[in-house]
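J.: Build the 3D model from these lines:
(one chain, ligands or ions: 2)
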Amino acid sequence: MTSIRKAACIGGGVIGGAWAARFALAGIDVNMYDPHPEAARIVGEVLANAERAYGMLTMAPLPPRGRIVFCASLKEAVQGADWIQESVPERLELKRGVLTEIDAAASPDALIGSSTSGLMPTDLQRDMKHPERMFVAHPYNPVYLLPLAELVGGGKTSAETLKAAQEKLAPIGMKGVVIKREIEAFVGDRLLEAVWREGLWLIHDDICDTETLDDVIRYSFGMRWAQMGLFETYRIAGGEAGMRHFLAQFGPCLSWPWTKLTDVVDLDDALIDKIAAQSDAQSGARGIRELERIRDENLVGIMQALKAGDGGRGWGAGKILAGFEKHLWKTAPKKEARPGREPLDLLEIKVHPSWIDYNGHMTEFRYAQCFADASDSLLRLIGVDMDYVAAGNSYYTVETHTRLLDEARLGDLLRVSAQILPSSDGRKLQSFMSLTRADGTLLATCEHLMLHVSSAEGKAVPPGADVMGRLQPLIDAHGDLPPPEGAGRSVGQKR
Ligand SMILES: NC(=O)C1=CN([C@@H]2O[C@H](COP(=O)(O)OP(=O)(O)OC[C@H]3O[C@@H](n4cnc5c(N)ncnc54)[C@H](O)[C@@H]3O)[C@@H](O)[C@H]2O)C=CC1
Ligand SMILES: C[N+](C)(C)CC(=O)CC(=O)[O-]
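T.: Numbers count the residues shown, from 1 in each chain. Ligands and ions are numbered 1, 2, ... in the order given. Have a look, this model is predicted:
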């Protein structure tokens, strides 16, 4: 994968700020230019929300955050950047001017993307000297979570540019989808405009209010669209007779009075007042940042669920997340196990809202998840990484004994440490893990036994020399530690 080395964001509002967060959280330094006096505060708030969302999204090791530097001019901002993203307001003359300025100041091999929601790239690149490297990279809000960027070339954009853009988006967890031919508003916003237009009519005609309309979407087809889109969903709706049957059955209703088709509502003051009042009644009790946080938590939940889709291979946006995590694991600097006479620190994590059960505390299987993630972290320390597993060897967990000693609450910062037990010989890796709250309270322990397995042979075998070379010093160092309180206990034994 080719990676972006340095990014520049021109315009740091809703979209430019979120692009900056996406780049920075993927470890890329970002130069920003936005003359708005509050731009740094706004970007800082978007970044804070993005960091919070990533904390819930993934256990994969994010790289050290890239630096976001505010520059005094556009010219200064684009220096050294190999991806420049323009996100200034949606006005053709303004964007054209800004893109031409970027073109003149940027290094010749830099890619230049525009966040425009609908302007034609041919129109945007008209005055550029090197229009072949300019394209539309239309993202969706919030850019730091939603993976899509519609990539649209203009008349002068080269095919290599679109290919390079697609390649460079993958390591930042995005999916660049190339749109074959330019058209105003591309694909996504044309669809959204159609729904939006019909929605405005339904409010205008007093068929329903904004809350009812949103309920209809979120309790039904909105959930379907997140995972299968339009055509795959309707293919299923055609039943065994398939898409042809669906078209025969539901095609005709397009010409019944089921839609207003292209009839555009007059967005006059009365309708604006009506929509604004209904929207205030629906959501006005919550501020914008609170709504963003709720949205982000929901999106994270959806993406994580989709990551488990298709038999664990990942589906839709979840598949993109799985690919991003694979990339993060692959590129993370390898940590060395430092054998010392103290348990190893393996994991640090916050209790997420979805981890809380009906008793108001962290639910049972999340303890198991913390211990499983910690044991994965132990394995990486001794060199059992993706390459090792791909070569046909791994450790399998065969027995665990968990004690839940105290309650973990929403937002608690949890840590897991492990002591390698002397019964370990490499083929067998037995550890005793402790889960504590940041204040030091012991919340749970887990005695954990893994066997080193050859996946091809389907049986336990000794590990490779490299792994053993890292593990043996840990076994030796921890052999001198006193046996942990609780090790070797049976279920139900009195405390
Ligand atoms: N808001 C949305 O949901 C989405 C917006 N977009 C597109 O992203 C672009 C930006 O939209 P938003 O971020 O929503 O607007 P915004 O109004 O939140 O941000 C625009 C920013 O550009 C800055 N700006 C104005 N002139 C500038 C200049 N000459 N140089 C540098 N910065 C300048 C403004 O100070 C402002 O901070 C538009 O093209 C829009 O169509 C794309 C996807 C979704
Ligand atoms: C409203 N909008 C046209 C700017 C929306 C988009 O372009 C994409 C989105 O995030 O919905």
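
J.: right, and the secondary structure at Leu435 would be what?
T.: Of the three states, Leu435 takes strand under DSSP: H, G, I helix; E, B strand; the rest coil.

J.: Wait, it touches Leu443, no?
T.: Yes: contact between Leu435 and Leu443 holds when scored by Cβ atoms under 8 Å: they sit 5.0 Å apart. C-beta coordinates here come from the backbone N, C-alpha and C atoms, glycine included.

J.: Now do the shared contacts for those two.
T.: Tyr367, Ala408, Leu414 (Cβ atoms under 8 Å, 6 or more residues apart in numbering).

J.: surely the first one meets Leu435?
T.: Yes: at 6.7 Å, Tyr367 counts as touching Leu435 under the criterion of Cβ under 8 Å.

J.: shared neighbours, the two?
T.: Any residue near both Tyr367 and Leu435 by Cβ under 8 Å, 6+ apart counts here, and that gives Ala408, Leu443, Ala444, Cys446.

J.: wouldn't the last one be in contact with Gln419 here?
T.: No: when contacts are counted by Cβ under 8 Å, Cys446 is not listed as touching Gln419 (11.4 Å).

J.: Please enumerate the shared neighbours of these two.
T.: Shared contacts of Cys446 and Gln419, counting by Cβ under 8 Å, 6+ apart, come down to Phe432, Met433.

J.: tell me the SS of the residue in the stretch 151-300 of the chain that ligand 1 sits nearest to?
T.: Per Cβ to the nearest ligand atom, the residue of the stretch 151-300 of the chain with the smallest distance to ligand 1 is Asp189, at 8.1 Å. Here Asp189 is recorded as helix under three-state DSSP.

J.: and it, how many residues sit next to it?
T.: Neighbour count of Asp189, defined by other Cβ atoms under 10 Å: 17.

J.: looking at it, it is touching Tyr140, isn't it?
T.: No: Asp189 is beyond contact range of Tyr140, at 9.5 Å (criterion: Cβ under 8 Å).

J.: Report the closest residue of this structure relative to ligand 1.
T.: For the chain, Cβ to the nearest ligand atom, closest residue to ligand 1: Gly13, 1.8 Å.

J.: Wait, that residue touches Ser87, no?
T.: Yes: with contacts counted by Cβ under 8 Å, Gly13 reaches Ser87, the gap being 6.7 Å.

J.: what does the stretch 1-150 of the chain put close to ligand 1?
T.: Residues of the stretch 1-150 of the chain lying near ligand 1 by Cβ under 6 Å from any ligand atom: 10-16, 33-36, 39, 87-90, 98, 115-117, 138-139, 141.

J.: Please flag which of these sit within helices.
T.: Cross-referencing those with the helices (criterion: DSSP state H) gives Val14, Ile15, Gly16, Ala39, Val98 as the overlap.

J.: Switch those over to TSV; also include neighbour count and pLDDT.
T.: Rendered in TSV, the data for these read as follows (neighbours: other Cβ atoms under 10 Å; pLDDT from 0 to 100):
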residue	neighbour count	pLDDT
Val14	16	95
Ile15	23	97
Gly16	26	98
Ala39	18	96
Val98	21	98
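
J.: Contacting ligand 2 as well, which ones from those residues?
T.: Under the cut-off given by Cβ under 6 Å from any ligand atom, ligand 2 has nothing from those close to it.

J.: Compare the shared contacts of Leu435 and Leu443 and tell me which is most surrounded.
T.: Neighbour counts for these (other Cβ under 10 Å) peak at Ala408, which has 25 neighbours.

J.: for the stretch 301-450 of the chain, what spans make up the strands?
T.: Secondary structure of the stretch 301-450 of the chain by DSSP state E, counting those that start in this stretch: the strands cover 344-350, 393-404, 413-420, 428-437, 442-454.

J.: tell me the contacts of the closest residue to ligand 2 within the stretch 151-300 of the chain?
T.: With Cβ to the nearest ligand atom, the shortest gap between the stretch 151-300 of the chain and ligand 2 falls at Asp189, namely 4.9 Å. The contact partners of Asp189, taken as Cβ under 8 Å, 6+ apart, are Ser117, Gly118, His138.

J.: one more time with 10 Å
T.: Under the criterion of Cβ atoms under 10 Å, 6 or more residues apart in numbering, the neighbours of Asp189 are Thr116, Ser117, Gly118, His138, Tyr140, Glu150, Trp196.

J.: Tabulate those residues (TSV), appending pLDDT, neighbour count and distance to ligand 2.
T.: Output for the contacts of Asp189, formatted as TSV (pLDDT from 0 to 100; neighbours: other Cβ atoms under 10 Å; distance: Cβ to the nearest ligand atom, whole Å):
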residue	pLDDT	neighbour count	distance to ligand 2
Thr116	98	27	8
Ser117	97	19	3
Gly118	96	15	7
His138	98	25	6
Tyr140	98	17	4
Glu150	98	21	9
Trp196	94	12	8
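
J.: And the closest residue to Arg380 other than its chain neighbours, its phi and psi?
T.: What sits nearest to Arg380 in space, not counting adjacent residues and going by Cβ to Cβ, 6 or more residues apart in numbering, is Lys335, at 6.8 Å. The main-chain torsion angles of Lys335 are listed as degrees, to the nearest 10 and equal phi -90, psi 140.
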